[in-house]
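Undergrad: next input, structure requested:
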Amino acid sequence: MAGLHGTLAVMPDVVIANARVLTFDGPSSFRRGRALRELGVLPHADVALSEGIIVAIGPNLPHRWPRIDARGRVLMPAFVDCHTHACWAGSRVDEWERKLSGESYQSILAAGGGILSTVRAVRDASPDELCRGLVGRLHAMLRQGTTTAEIKSGYGLTLEPELKMLDAVSAVTTSLWPGTIVPTALLGHAIDPHVPAFVDHTITNTLPAVSARYPGIVVDAFCESGAWSLDETIRLFTAARAAGHPVRVHADQFTSMGMIPRALGLGALSVDHLEASTANDLSLLATSTAAGVALPLCGFHLDGRFANLRSFVDQGGAACIATNYNPGSAPSPSMPLVIALAVRHCGLTPAEAIAAATINPACLLGYRDRGRLAVGLRADCLLLATSDERDLAYAPASDIIDSVFVAGSRLGSQIMTGP
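TA: Next comes the predicted model:
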């Protein structure tokens, strides 16, 4: 199996010694306000991993197992990427060059490009081609420290291609990728101009079929000018909720559509993007139970606009950051780059950005066994090539991840010592 620097080294019992450990000590719930900065640092500690879980944390643990000498470097939870579109086919590099010449994302979409060009490529791809492409991207994400990833459909639009995407995501077992995948049915992405009454068709045909094959899967939509309108999104979500599906929503990327208060009324788990959100809507979201997910790679790659997470966090919001990894607006698998951008452009401190990339997205995806380092939790963690976690934000594009541990198994080996 392809791993970080070659193969997956099965090592069921190991002690990572002499590390600066970021434990995120505390409850397994969203960190808000000042708590988002509290990393629970143990300046000098050992962490023992056995059979996929953390079994001990403390100073000078017995060395009866193989020992990795961290030499003061940072050991922290692995990244949880809670918003990606990593299952796709085709390329949109040519459209990127058109954007560089001044053409807008929305005008390209209106001309049949953007999401629709990827839709055509996905429809033409075989299930095996989709799965192979996804697995390759997941390994790229793993090399950047992500061990849990949400993967959306949404490039199929109509029933059979959407099911083909969800089936491809579901086909990625641990024999193909050792991390954890969370599928999402992005049924409201673009409007298919070739399907009459497309919104009605999606709600009355696609949603029930997806619900039958994937009961309880989260349903998502892109509420934006040129995509799904406010009323159309609400209709989809109302039907999805009635069928037992939680909902998440892409909102306010380019235009404030008034989706945030309506999403909260529908019990949305999160509102994602937030670049164009009004101050009032951002305040509403901050005081709700829903998470706010910023996707700063979009601003970096598209238009220089970023979510105001500083205001959101100061008002008590549950902030998450994610790559939005996709072929059009965010073609990067790198959570370290997302952290660097969130600090520079979304107003987060380095500590807040790290928490927004680990414990908070783990909570959003419903996992209480990761995003922290504590006895009894899943041993998904990162050994950095630095003794200062702020380097994740300070030094973008640096080779900062030494090793990734997935359920206790180590990928990559630069500083392994003997037992």
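Undergrad: skip the chain neighbours and tell me the closest residue to residue 349.
TA: Once flanking residues are discounted, residue 349 sits nearest to residue 37: 6.1 Å by Cβ to Cβ, 6 or more residues apart in numbering. Heads up, the C-betas are built off the backbone N, CA and C, glycines and all.
Undergrad: go ahead and confirm that neighbour touches residue 348.
TA: No - contact criterion Cβ atoms under 8 Å: residue 37 and residue 348 do not qualify, at 9.4 Å.
Undergrad: tell me the contacts of the residue nearest to residue 349?
TA: 349, 351-352, 355 (Cβ atoms under 8 Å, 6 or more residues apart in numbering).
Undergrad: roughly how far apart are it and residue 285?
TA: 20 Å (Cβ to Cβ, to the nearest Å).
Undergrad: for residue 214, same thing?
TA: 27 Å.
Undergrad: give me the more crowded residue out of the two.
TA: residue 285 (26 against 20; other Cβ atoms under 10 Å).
Undergrad: hmm, back to that, so which of the contacts of residue 37 is the closest to residue 365?
TA: residue 355 (14.9 Å; Cβ to Cβ).
Undergrad: helix, strand, or coil at the closest one?
TA: helix (DSSP: H, G, I helix; E, B strand; the rest coil).
Undergrad: repeat that for residue 57.
TA: Under three-state DSSP, residue 57 comes out as strand.
Undergrad: kindly provide the distance from it to residue 65.
TA: From residue 57 to residue 65 the distance is 14 Å (Cβ to Cβ).
Undergrad: ok, these two, which is more surrounded?
TA: Set residue 57 next to residue 65 and count neighbours by other Cβ under 10 Å: residue 57 wins out with 20 against 17.
Undergrad: beta partners for that one?
TA: residue 47 (DSSP bridges).
Undergrad: OK, contacts around it?
TA: Residue 57 touches 21, 23, 42, 45-48, 373-375, counting by Cβ under 8 Å, 6+ apart.
Undergrad: in strands, which of those fall?
TA: Using DSSP state E, the members of the contacts of residue 57 that fall in strands are 21, 42, 45-48.
Undergrad: okay, these in TSV with pLDDT next?
TA: What follows is the ones in strands among the contacts of residue 57, written out as TSV (pLDDT from 0 to 100):
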residue	pLDDT
21	98
42	98
45	97
46	97
47	96
48	95
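Undergrad: max pairwise distance over these: which two?
TA: 42 and 48 (13.5 Å).
Undergrad: before we move on, the earlier item: and which of the contacts of residue 37 is nearest to residue 139?
TA: residue 355 (25.7 Å).
Undergrad: residue contacts, that closest one?
TA: 24, 31, 36-37, 39 are the contacts of residue 355 under Cβ under 8 Å, 6+ apart.
Undergrad: switch the cut-off to 10 Å
TA: Taking Cβ atoms under 10 Å, 6 or more residues apart in numbering, we find residue 355 in contact with 22, 24, 30-31, 35-39, 77, 313, 319-321, 348-349, 361, 371-372.
Undergrad: repeat that for residue 164.
TA: 87, 122-123, 125-127, 130-131, 153, 155-156.
Undergrad: are any of those residues buried, and which?
TA: Among the contacts of residue 164, those buried by neighbour count (16 or more other Cβ atoms under 10 Å) are 87, 122-123, 125, 130-131, 153, 155-156.
Undergrad: dump these to a markdown table, plus secondary structure and pLDDT.
TA: Output for the buried ones among the contacts of residue 164, formatted as a markdown table (DSSP: H, G, I helix; E, B strand; the rest coil; pLDDT from 0 to 100):
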| residue | secondary structure | pLDDT |
| --- | --- | --- |
| 87 | coil | 98 |
| 122 | helix | 97 |
| 123 | helix | 97 |
| 125 | coil | 97 |
| 130 | helix | 97 |
| 131 | helix | 96 |
| 153 | coil | 98 |
| 155 | coil | 97 |
| 156 | coil | 97 |
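Undergrad: am I right that residue 137 is in contact with residue 87?
TA: Yes - contact criterion Cβ atoms under 10 Å: residue 137 and residue 87 qualify, at 8.1 Å.
Undergrad: what do these two both touch?
TA: 151, 325-326.
Undergrad: from those, which is closest to residue 247?
TA: residue 151 (16.9 Å).
Undergrad: need the contact list for the closest one.
TA: 81, 83-87, 134, 137-138, 165-166, 168-170, 172, 181-184, 186, 325.
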